[in-house]
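>>> Below are the sequence and a predicted model; questions follow.
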Amino acid sequence: MIEPRIVRRYASALFGAASKTGVVDRVESDLGLVSYVFESSPRLAESVESPLVPSSRKRDILSDIFRDKVHEVTLSYLSLLVDKRREAAILQTEGEYIQLANAARGIVAVKVTSAVKLSEGEEASLTAKLAEMTGKTVYLEKLVDASLIGGVIVRIGDRVIDGSIKGQLAALRDKMLS
């Protein structure tokens with residue numbers, strides 16, 4: 001596992017190259033295919049990540065598998081990761097790249113955790129308010145956690161808005177204890 005900040009740098013460089021050549025969507029799709037192939041074939045992942053397999057052999061393996069299936073930008077990226085001994089970043093790149101691509105498209109992923117499943121009306125209302133607040137198109141990732149008792153917790157990137165009863169009770173407790 002490679003540190004997320006390092007993967008972010010590589011994904012950012014890949015996004016820059018894809019943007020320059022106008023293949024952002026294609027590379028995103030390619031990364032999905034690469035992740036699927038690696039997850040479907042654990043032996044392939046082991047071979048590519050193994051320090052015992054020479055880099056030239058790893059490049060040949062990746063080229064043989066993906067040559068006619070992915071764009072040359074994606075294939076060059078995979079070769080770069082092999083050359084820099086960052087093969088473990090192959091599976092981690094997709095998520096980071098999607099975040100960069102969505103940011104460029106004006107889409108923000110928002111994690112919403114609620115005590116109960118939100119109704120369609122509540123989802124639509126929350127989505128509209130978050131879109132107004134962020135100025136972007138909002139994609140909701142919905143989770144249910146009954147321990148919240150009631151309300152919702154909204155995560156937009158590093159920002160957290162805790163509107164849960166559990167959070168309010170904890171804040172009240174802290175206030176009373178201090």
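Now that the structure is in, tell me what you want to look at.
>>> Please make it C-alpha for all contacts and neighbour counts, starting now.
Fine.
>>> Pull out the buried positions in the strand or helix carrying residue 103.
For residue 103, the host element (DSSP states H and E) is helix 89-105. For helix 89-105, burial by neighbour count (16 or more other C-alpha atoms under 10 Å) applies to 89-101.
>>> Now find how far off-centre the following helix or strand past that helix is within its chain.
Per DSSP H and E, the first helix or strand lying C-terminal to helix 89-105 is strand 107-114. With C-alpha atoms, centre = their mean, to the nearest Å as the basis, strand 107-114 stands 13 Å off its chain's centre.
>>> What strands line up against strand 107-114, and which way round?
Looking at strand 107-114 with DSSP bridges, its partner strands are strand 137-144 (parallel), strand 152-156 (antiparallel).
>>> Kindly state the pLDDT recorded for the residue lying closest to residue 83 once chain neighbours are set aside?
With C-alpha to C-alpha, 6 or more residues apart in numbering as the criterion, residue 83 has its nearest non-adjacent residue at 6.5 Å, and that residue is residue 55. The per-residue pLDDT reported for residue 55 equals 95.
>>> Check the burial of residue 55 by counting its neighbours.
Per other C-alpha atoms under 10 Å, the neighbour tally for residue 55 reads 20.
>>> is it true that it touches residue 86?
No: with contact defined as C-alpha atoms under 8 Å, residue 55 does not count as touching residue 86 (10.9 Å).
>>> follow-up on the earlier one: tell me the most buried of the strands paired with strand 107-114?
Among those, ranked by average contacts under mean count of other C-alpha atoms under 10 Å, first place goes to strand 152-156 (a mean of 19).
>>> Tabulate the strands paired with strand 107-114 in CSV, adding columns for mean pLDDT and distance to residue 128.
Compiled in CSV, those are given as follows (pLDDT from 0 to 100; distance: least, C-alpha to C-alpha, whole Å):
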stretch, mean pLDDT, distance to residue 128
strand 137-144, 95, 8
strand 152-156, 95, 14
